[in-house]
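Asker: Here is a sequence with its predicted model. Questions after.
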Amino acid sequence: DAGVIQSPRHEVTEMGQEVTLRCKPISGHDYLFWYRQTMMRGLELLIYFNNNVPIDDSGMPEDRFSAKMPNASFSTLKIQPSEPRDSAVYFCASSLGAGRAGEQFFGPGTRLTVL
Amino acid sequence: KQEVTQIPAALSVPEGENLVLNCSFTDSAIYNLQWFRQDPGKGLTSLLLIQSSQREQTSGRLNASLDKSSGRSTLYIAASQPGDSATYLCAVTGTASKLTFGTGTRLQVTL
């Protein structure tokens, strides 16, 4: 298996622009997680899905952030409009099962820079 | 709210030494604990997963222990190598299947 795939790997955009990050989880995994990593706050969970349904979005910082999972093999994280403080590395992870069973596997991340 | 702390924040050791990284968490109601490795500019690589009912897990030169009642885990690395240089993160899965990450230990193994 190719592992969790994320695109783009790097994104540079200007403040106010819309940004869309993409993720393909490991085939067969039923949980998908979006994380953000910054120097100041470390790794934070933004939202996670189970069987394509959002379960907990309490980590989404603002209404400017939205996430979708239209099918089992694809998810997007959208920021509209983007701001400089959104600059971070965004990771997608997937797992088979959760809680007790759920070893999470991470993608390579998308490094977002908002100018 | 679960809080995960890792000590030390940074560590430098000469090649060949055995070393221990520490992780502590405030809420013992966890499902499992996972140790990750992160190389600069890269994603996270899962190293070991310990279920809450287990005491330890081993993979090659790595051994992770878990004492859930005291809220502690250790990652033991035997015979360290320069290739082990990376940041090591521990994370616990609590209720609602959420992973809470520690602050990480940056390890440098020198020749």
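Answerer: Sure, I can see it.
Asker: Near residue A:77, how many other residues are there?
Answerer: Per other Cβ atoms under 10 Å in any protein chain shown, the neighbour tally for residue A:77 reads 23. C-betas here are computed from N, CA, C, even on glycine.
Asker: So it is in contact with residue A:88, correct?
Answerer: No - contact criterion Cβ atoms under 8 Å: residue A:77 and residue A:88 do not qualify, at 11.3 Å.
Asker: List the neighbouring strands of the helix or strand containing residue A:89 plus their orientation.
Answerer: In this assignment (DSSP states H and E), residue A:89 forms part of strand A:88-95. Sheet partners assigned to strand A:88-95 using DSSP bridges are listed as strand A:31-38 (antiparallel), strand A:105-106 (antiparallel), strand A:110-114 (antiparallel).
Asker: got a list of contacts for the first one?
Answerer: Residues from elsewhere that reach strand A:31-38 (Cβ atoms under 8 Å, 6 or more residues apart in numbering or on different chains): A:23, A:25, A:43-50, A:67, A:69, A:75, A:77, A:87-98, A:102, A:104, A:106, A:109, B:97, B:99.
Asker: for the last one, same thing?
Answerer: Surrounding strand A:110-114, the residues in contact under the criterion Cβ under 8 Å, 6+ apart are A:6-15, A:17, A:19, A:21, A:79, A:82-91, B:41.
Asker: run the last query once more with 6 Å
Answerer: Contact with strand A:110-114 is made by A:6, A:10-13, A:15, A:21, A:82, A:84, A:86-87, A:89-90, as judged by Cβ atoms under 6 Å, 6 or more residues apart in numbering or on different chains.
Asker: ok, now which ones touch residue B:18?
Answerer: Contacts of residue B:18 by Cβ under 6 Å, 6+ apart are residue B:78.
Asker: which intervals of chain A have sub-threshold pLDDT?
Answerer: Within chain A, the ranges that satisfy pLDDT under 70 run A:1, A:98-101.
Asker: how about the strands in it?
Answerer: Assigned by DSSP state E, chain A shows strands spanning A:5-7, A:10-13, A:19-24, A:31-38, A:42-50, A:53-56, A:65-71, A:74-79, A:88-95, A:105-106, A:110-114.
Asker: which residues make contact with the longest one from outside it?
Answerer: Read that as strand A:42-50. Residues from elsewhere that reach strand A:42-50, judged by Cβ under 6 Å, 6+ apart: A:31-37, A:55-57, A:59-60, A:67, A:69, B:98, B:101, B:103.
Asker: try it again with 8 Å
Answerer: A:30-38, A:54-57, A:59-61, A:65, A:67, A:69, A:75, A:77, A:91, A:98, B:89, B:91, B:97-104.
Asker: Please check those and keep the buried ones.
Answerer: Buried by 16 or more other Cβ atoms under 10 Å in any protein chain shown: A:30-37, A:54-56, A:59-60, A:65, A:67, A:69, A:75, A:77, A:91, A:98, B:89, B:91, B:97-104, out of these.
Asker: thinking again about what came up before, figure out which of the strands paired with strand A:88-95 is closest to residue B:78.
Answerer: Residue B:78 lies closest, by Cβ to Cβ, to one member of the strands paired with strand A:88-95: strand A:105-106, at 25.0 Å.
Asker: Which positions in chain B make contact with chain A?
Answerer: B:31-32, B:34, B:36, B:41-46, B:49, B:51-52, B:89, B:91, B:93, B:96-104 (Cβ under 8 Å from any Cβ of the partner chain).
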